[in-house]
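Chemist: compute the structure for the input listed below.
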Amino acid sequence: MLDQFRIAHYRFVLQAVEPMEFPPYKGSTLRGGFGHALKRMACRNASGKCVECREYEHCAYGYIFETRPPSDSEVLRTHQAVPRPFVFETQPDGKSKYQPGEEIIFRLVMIGKGIEHLPHFILAFKALGEEGLGRGRGRFRLKSVWGLDPLGPWETLIYDGASDALRNVDMSTGIDEIEKAAALLLDNTVTVCFKTPTQVKHAGRIVQELAFHVLTRSIIRRLSSLYYFHCGERWETDYKGWIEKAEQVRTVKANLWWEDRKRYSGRQQHWIGMGGLMGRVEYAGPMADFRSLLVIGSLIHVGKKTVFGNGQFVVE
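Modeler: From the prediction side, this is the model:
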C-alpha cells in the first residue's frame, strides 16, 4: 500500500578553497547555509516571509525548507510545519577544521517529490561555496555529487564540478526493493543500532527507554506524513492493528545512553538541545510484519530533528 513511496540518497563532496571551521556536528551548519542560499535563489517575496506569500505553494524554497500543509490538506491542517522532504546525514569524525584542498563529505536523503529538487540543492551549494560557510565564512567548491543505492553498494556520478555537468540518473528506491531487503531479516528477533541522537516522544514525554511499540509509533507517524505530503497519497493502513502487534514484541537487551548535543540558532538567538538516545536495542517477538517498516525507518530516520541527521538507525 506504499506504491508511491520513493527515496534517494546522495553523497555531496565539498572541497575547501580557504580554511574552514565547523562545529563538532556539521548537520545544523549545512542545513542553515543551504536554507539561506536557497532562499536568495528562489524567493521572490519582498517581505521574505512565507506566511505572507501568495506564491508559497509554487515556490521551491517554501516547499523544501519551510514546508507546511497546503491549503487543501486533509491532515495536519492546523500545523505550521510538516516533515521536510530531506535529511542531512553527517557522521561525527572528530574533525572541525579543514585546510584548502581537503574534502567535507555529507549525505543527503530525499523523499518523494523532493527528489525532483536535487538541482536546487546543487545550485544552492555552488552559490554557498562562493559565499563561504562555517566560522569565518571559508569558501569551498562543490567537487561532486554521487547518487547512491539506499540499500546497496552501487553508486554513480551525478554531478561533476570540474565540468559543471549534471546527469539525469534515477537512483531512487521504492517499496519493492525495500521488501526484498526486509525479507533478509530474521522474523523473530532484530537488533536496532541508533547511530545519531534519537529523540522520541510518547504520551507527551521524551522517552529514555525505547519499547518496540514506541519506536513503531514514531516510524508510522513520520512515514504517514512524508507519504501524504511528499508522495501524493494517504497511507491507508490499520494503525491500531500495527500498535497491537507491536506491543507483543519485547525488549531482550538494551544498551542505550543519552548523548547531549546543542546547536546555536541564529534566527532564535539561543542554543537549542539536539540530544537523544544512542546505542543498541535487541527486540524479540512476532517481527515478520515489521521488517519492511523497520527498513523504511532506517532510511528516513525517526523522531525529532531528523532534518539535521538525528534519528538515524540501522537494523542488524
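Chemist: tell me the SS of residue 35?
Modeler: Applying DSSP: H, G, I helix; E, B strand; the rest coil to residue 35 yields a three-state assignment of helix.
Chemist: how much space between it and residue 67?
Modeler: Between residue 35 and residue 67 the computed distance is 12 Å (Cβ to Cβ, to the nearest Å). (Each C-beta comes from the backbone N, C-alpha and C, glycine too.)
Chemist: send over stretch 271-284 as PDB, restricted to the C-alpha atoms.
Modeler: Coordinates of the C-alpha atoms in stretch 271-284 are reproduced here as PDB (Å, rounded to 0.1, in the frame of the first residue of the first chain):
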ATOM      1  CA  TRP A 271      21.200  27.400  21.900                       C
ATOM      2  CA  ILE A 272      18.800  24.500  21.100                       C
ATOM      3  CA  GLY A 273      19.100  21.000  22.500                       C
ATOM      4  CA  MET A 274      19.800  18.300  19.900                       C
ATOM      5  CA  GLY A 275      20.400  15.400  22.300                       C
ATOM      6  CA  GLY A 276      18.900  11.900  22.100                       C
ATOM      7  CA  LEU A 277      19.300   8.200  22.700                       C
ATOM      8  CA  MET A 278      22.200   6.300  21.100                       C
ATOM      9  CA  GLY A 279      23.200   2.700  21.400                       C
ATOM     10  CA  ARG A 280      21.600  -0.700  20.700                       C
ATOM     11  CA  VAL A 281      18.300  -2.500  21.500                       C
ATOM     12  CA  GLU A 282      17.600  -6.100  20.800                       C
ATOM     13  CA  TYR A 283      13.900  -6.900  20.200                       C
ATOM     14  CA  ALA A 284      12.200 -10.400  20.100                       C
END
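Chemist: buried stuff in that stretch?
Modeler: By 16 or more other Cβ atoms under 10 Å, the buried positions in stretch 271-284 come out as 274-279, 281-284.
Chemist: and the residues you listed, which of them are in strands?
Modeler: 276-279, 281-284 (DSSP state E).
Chemist: would you list these in TSV and tack on distance to residue 25?
Modeler: Converted to TSV, these look like this (distance: Cβ to Cβ, whole Å):
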residue	distance to residue 25
276	12
277	16
278	13
279	18
281	23
282	27
283	28
284	33
